[in-house]
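Student: Give me a model of this one.
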Amino acid sequence: DAGKQVYLGGFDSEEQAAIAYDVIAVKCRGMKAQTNFDLRNYANELNALESISKEDLVLSLRRQSKGFSKGSSKFRGVTKHAKGKFEARIGQMIGKKYRYLGLYDTEVEAAVAYDVACVADRGLSAVTNFDISSYSE
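Tutor: Numbering: from 1, shown residues only. The predicted model follows:
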């Protein structure tokens, strides 16, 4: 999308991955999108694509993927804390499994904290909850 790759998740089969790609390609590029399968296969989904944002569609596809952790939040790196707040944490490549980023009042605040840490750690290759261009600074 806009010249940047968007991570959709890991899928059990090539067909599932191809379908996920097709759905987001149609959302981003419209009916002229080059798809793996015939656009007529997506007749039911096309109407629904009008009412969903690109970001929500990407999150939905990621949630359906094999690699998505079935946690208590719709955002990557965010879990609902026992005290009602939202905890943000990021996976570490070396040493500890996770680095604690803090507790936040809302899921969105925690998701942004995760994104900022992810971009700081991984740069433009970071997989974020929101559009990476939001974190250009």
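
Student: how about the residue lying closest to residue 112 once chain neighbours are set aside, what does it touch?
Tutor: Nearest non-adjacent residue to residue 112, counting by CB to CB, 6 or more residues apart in numbering: residue 130, 7.1 Å away. The way it works is simple: take the backbone N, C-alpha and C, and place the C-beta from them, glycine included. Counting by CB atoms under 8 Å, 6 or more residues apart in numbering, residue 130 makes contact with 55, 111-112, 115.

Student: if we go to 7 Å?
Tutor: Residues counted as contacts of residue 130 (CB atoms under 7 Å, 6 or more residues apart in numbering) are 55, 111, 115.

Student: ok, how many other residues are close to residue 103?
Tutor: Residue 103 is flanked by 15 other residues according to other CB atoms under 10 Å.

Student: Now it: which helix or strand?
Tutor: Element membership of residue 103, judged by DSSP states H and E, is strand 98-104.

Student: Give the partner strands of that strand in its sheet and their orientations.
Tutor: strand 86-91 (antiparallel) (DSSP bridges).

Student: Give me the mean pLDDT for the strand it pairs with.
Tutor: For strand 86-91, mean pLDDT rounds to 88.

Student: same check, this time on stretch 57-74
Tutor: In this model, stretch 57-74 has a mean pLDDT of 69.

Student: What count of nearby residues applies to the nearest residue to residue 74 once chain neighbours are set aside?
Tutor: Of all residues not flanking residue 74 in the chain, residue 59 sits nearest, at 5.9 Å (CB to CB, 6+ apart). Neighbour count for residue 59, taken as other CB under 10 Å: 19.

Student: who touches stretch 109-125?
Tutor: The contact list for stretch 109-125 (CB under 7 Å, 6+ apart) reads 75-78, 86-88, 90, 101-102, 104, 126, 128-130, 132, 135.

Student: ok, 10 Å please
Tutor: Stretch 109-125 is contacted from outside by 4-5, 7, 59, 73-81, 85-93, 99, 101-104, 106, 126-137, using CB atoms under 10 Å, 6 or more residues apart in numbering.

Student: and it, average pLDDT?
Tutor: Stretch 109-125 comes out at a mean pLDDT of 88.
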